[in-house]
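Enquirer: pasting the structure only:
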């Protein structure tokens, strides 16, 4: 009996030492840097030495892909392709164009990665509104069906410009998430200017910005694992002659979309959430909700804020969104 008691005490001591060492070897580390035109915070939990190295590698991945996909960077792979009618295609641009095909068709060509010529007409620093004639001319150039490509080569009209602003950030963040998954990171988050990817066992609260009242939240949700992305007309805009112009351009009208003021998407993939947030924003509200409800099997949900005919803020949400509402756990 005495031997059994000693053995039990010895076993308990070993267990406590193991737990204590595990506690010491696990730490939460956060780093913030400026990239992709915003602040990016990466916070991970695990072995301090490994986590520190992993975070640095994440920022290296971001920097590398930003250099390759930057629309304004004259030395990027994307700028090289935009300057040619026929050019070798990189794996990243091939993957993105292939990915965009689905959303281009689902949104009835509103989610279009070939709107560079149209976007170039707008200047949000100088508050420049292009003439209707220039808009019509640029619209004729756009259209994903005009781009022919395979894994080796891309062919397009001379003046057509590929602009990946609606999906590039999500693509880059997805690559970071894939890397962390390979490293078996089980707890942490990435916040890229409001585009958030979370992984872990605890619920985390995420606030949704009020589209018309700065620094105020209009809603709060909570998730354990997944991505939350919000697109809004309040991120980059100017007011001229009493009219509000924002940066999410509808290629069908040639002007900023007037369907919504804020769209929040929850999805298992930050790449898909980023694309859907833009696609839904460009679609009429009812069409966006119908499309989101058809995608319920993929655990994707959307919350849309829009202005009614009297200018009052209204909201609609897909069936799946209710599960992310704040509840007592």
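Expert: Alright, I've got the coordinates. Quick caveat: nothing in here was measured; it's all calculated off a predicted structure.

Enquirer: State the helix or strand in which the residue nearest the centre of the chain lies.
Expert: With distances taken as Cα atoms, centre = their mean, residue 274 lies nearest the centre of the chain, 3.2 Å away. Per DSSP states H and E: residue 274 is located in helix 270-282.

Enquirer: in this structure, which ranges drop under the pLDDT threshold?
Expert: For the chain, the stretches flagged by pLDDT under 70 are 1-25, 296-298, 326-329.

Enquirer: circling back to that earlier point, so after the helix holding residue 274, what's the next helix or strand?
Expert: Remark: after helix 270-282, the chain's next helix or strand is helix 285-294, criterion DSSP H and E.

Enquirer: Next, the angle helix 270-282 makes with that next one.
Expert: 150 degrees (axes from the mean of the first three to the mean of the last three Cα atoms, to 10 degrees).

Enquirer: Helix 285-294: which residues count as buried?
Expert: 285, 287, 288, 289, 291, 292 (16 or more other Cβ atoms under 10 Å). C-betas here are computed from N, CA, C, even on glycine.

Enquirer: helices or strands up against the helix or strand encompassing residue 178?
Expert: Counting by DSSP H and E, the element that carries residue 178 is helix 168-182. The contact analysis (3 or more Cβ pairs under 8 Å, 6 or more residues apart in numbering; DSSP states H and E) places helix 168-182 against helix 48-69, helix 91-106, strand 188-192, strand 195-199, helix 270-282.

Enquirer: most tightly surrounded among these?
Expert: helix 270-282 (a mean of 27; mean count of other Cβ atoms under 10 Å).

Enquirer: Once you drop chain neighbours, what's closest to residue 239?
Expert: residue 245 (7.5 Å; Cβ to Cβ, 6 or more residues apart in numbering).

Enquirer: contact partners of the helix holding residue 178?
Expert: With Cβ atoms under 8 Å, 6 or more residues apart in numbering as the test, helix 168-182 has contacts from 36, 42, 44, 54, 57-58, 61-62, 65-66, 69, 92, 95-96, 99, 164, 188, 190, 192-193, 195, 197, 199, 227, 229, 269-275.

Enquirer: rewinding a little: and the angle for the helix holding residue 274 with helix 91-106?
Expert: 40 degrees.

Enquirer: burial measure for residue 127, as a count.
Expert: Per other Cβ atoms under 10 Å, the neighbour tally for residue 127 reads 12.

Enquirer: scratch that, residue 186
Expert: That count, for residue 186 with other Cβ under 10 Å as the rule, works out to 14.

Enquirer: check contacts around it.
Expert: So residue 186 contacts 45, 46, 199, 200, 201 (Cβ under 8 Å, 6+ apart).

Enquirer: Give me the buried entries from those residues.
Expert: Neighbour counting with 16+ other Cβ under 10 Å marks 45, 46, 199, 200 as buried within the contacts of residue 186.

Enquirer: coming back round to it: quick one: which two of the contacts of residue 186 are the most distant?
Expert: Longest distance between any two of the contacts of residue 186 is 13.4 Å, between 46 and 201; criterion Cβ to Cβ.

Enquirer: Find residues that contact each of these two.
Expert: With Cβ under 8 Å, 6+ apart, residue 46 and residue 201 have common neighbours 186, 187.

Enquirer: Report the secondary structure state of residue 205.
Expert: Secondary structure, DSSP: H, G, I helix; E, B strand; the rest coil: residue 205 is strand.

Enquirer: Confirm for me that it is in contact with residue 219.
Expert: No - contact criterion Cβ atoms under 8 Å: residue 205 and residue 219 do not qualify, at 10.9 Å.

Enquirer: neighbour count winner among those two?
Expert: The residue with more neighbours, out of residue 205 and residue 219, is residue 219; 19 against 9, by other Cβ under 10 Å.

Enquirer: Not counting sequence-adjacent ones, nearest residue to that one?
Expert: Residue 219 sits nearest to residue 208 (Cβ to Cβ, 6+ apart), 4.3 Å away.

Enquirer: OK, contacts around that neighbour?
Expert: Residue 208 neighbours (Cβ under 8 Å, 6+ apart): 217, 218, 219, 220, 221, 230, 262, 264, 303.

Enquirer: which SSE is it in?
Expert: strand 204-209.

Enquirer: Give the partner strands of that strand in its sheet and their orientations.
Expert: Sheet pairing of strand 204-209 (DSSP bridges) gives strand 217-223 (antiparallel).

Enquirer: what angle do the partner strand and strand 195-199 make?
Expert: 30 degrees.
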